[in-house]
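Trainee: Quick one: sequence plus predicted model below, questions after.
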Amino acid sequence: MNHPLYAVLLAAGESTRMSQLKALLPWEGQTLLRYGVDQLLALPLERLVVVLGHRADELRALLPDAEPLVAVENAGYRNGKVSSILAGMASLPRAGHVLVLSVDQPRPAELLSAVARQHLEGEASITIAAYGDRRGHPVVFAPPLFRELLAIDEATAGLRAVLHRHAGEVSLCDTGSPLALLNLNTPEDYDRAGRLLREGGAAPFSSSTSSARAGNQ
């Protein structure tokens, strides 16, 4: 049986550390939200679920009317990221490969494609984007972990618990790019990321594989 590839893009939070809504920040001539959606749509996805919460109606208006995108609202987004992951997972029709990414982790299509391709062509349960031996995002989970993803909770650290249980089944995809490590949590992070882009941090891409049995996501 061929399993589909899904993506869940998390964009529900209030962005308290950034002091302004991260989904609306400029990035490569677009908002972070639209950039993230457009780059993910370059993948061979059966479904892209965008999880909204804070100012959901405003953000929904920025989304393209395009297959295979589905927007869902997490009314309990203040309960934490796990609640948004679960809201996204609930919108997936059947077991498949699941790529998870947040709106504050902008990744170009080439990087996303390299990670997805390595995962789909390999046998690892989990594939993680990396820069050298440093783990970043996105993370892709294989179909046998689908039920575990539906059962995560805040009390057991969400996705980290799945990564810990399957630490010996992880493959790193060395993207060759520091963009794999970006997390735009604060204004300082955003400024540093802008400098990285201006300095050509988007290249090169080399999808080599290494096993990862230790370290935290």
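Mentor: Yep, that arrived.
Trainee: Need the pLDDT of Leu197.
Mentor: We have a pLDDT of 86 for Leu197.
Trainee: Now stretch 2-21: buried residues?
Mentor: Burial within stretch 2-21, assessed by neighbour count using 16 or more other Cβ atoms under 10 Å, is assigned to 3-13, 15, 18, 21. (Each C-beta comes from the backbone N, C-alpha and C, glycine too.)
Trainee: what's the answer for stretch 154-172, then?
Mentor: For stretch 154-172, using 16+ other Cβ under 10 Å, the buried residues are Gly158, Leu159, Ala161, Val162, Leu163, His166, Glu169, Val170, Ser171, Leu172.
Trainee: and which of those residues is nearest Ala95?
Mentor: Val162 (14.6 Å; Cβ to Cβ).
Trainee: Alpha carbons of the helix or strand in which the closest one is found, as CSV, please.
Mentor: According to DSSP states H and E, Val162 maps onto helix 159-165. The C-alpha coordinates for helix 159-165 follow below in CSV (Å, rounded to 0.1, in the frame of the first residue of the first chain):
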residue,chain,number,x,y,z
LEU,A,159,6.5,15.1,19.8
ARG,A,160,9.6,14.9,21.9
ALA,A,161,8.2,11.7,23.5
VAL,A,162,7.7,10.1,20.1
LEU,A,163,11.3,11.1,19.2
HIS,A,164,12.6,9.7,22.4
ARG,A,165,10.8,6.4,22.0
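Trainee: ok, then the element right after it?
Mentor: strand 170-174.
Trainee: Against which helices or strands is that next one packed?
Mentor: helix 109-121, strand 126-131, strand 208-212 (3 or more Cβ pairs under 8 Å, 6 or more residues apart in numbering; DSSP states H and E).
Trainee: Tell me which residues are up against the longest one.
Mentor: Which is helix 109-121. Contact with helix 109-121 is made by 5, 38-40, 42-44, 97, 99, 101, 127-129, 138, 140, 142, 171, 173, 175, 177, 179-180, 202, 205, 207, 209, as judged by Cβ atoms under 8 Å, 6 or more residues apart in numbering.
Trainee: For this protein, just list every one of the strands.
Mentor: Ranges of strands in the chain, per DSSP state E, are 5-11, 26-27, 30-31, 47-52, 69-73, 97-102, 126-131, 134-141, 170-174, 208-212.
Trainee: and those as a markdown table, adding mean pLDDT and distance to Glu58?
Mentor: Putting these into a markdown table (pLDDT from 0 to 100; distance: least, Cβ to Cβ, whole Å) gives the following:
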| stretch | mean pLDDT | distance to Glu58 |
| --- | --- | --- |
| strand 5-11 | 98 | 11 |
| strand 26-27 | 97 | 16 |
| strand 30-31 | 98 | 11 |
| strand 47-52 | 98 | 9 |
| strand 69-73 | 98 | 12 |
| strand 97-102 | 98 | 18 |
| strand 126-131 | 98 | 29 |
| strand 134-141 | 98 | 25 |
| strand 170-174 | 98 | 34 |
| strand 208-212 | 35 | 38 |
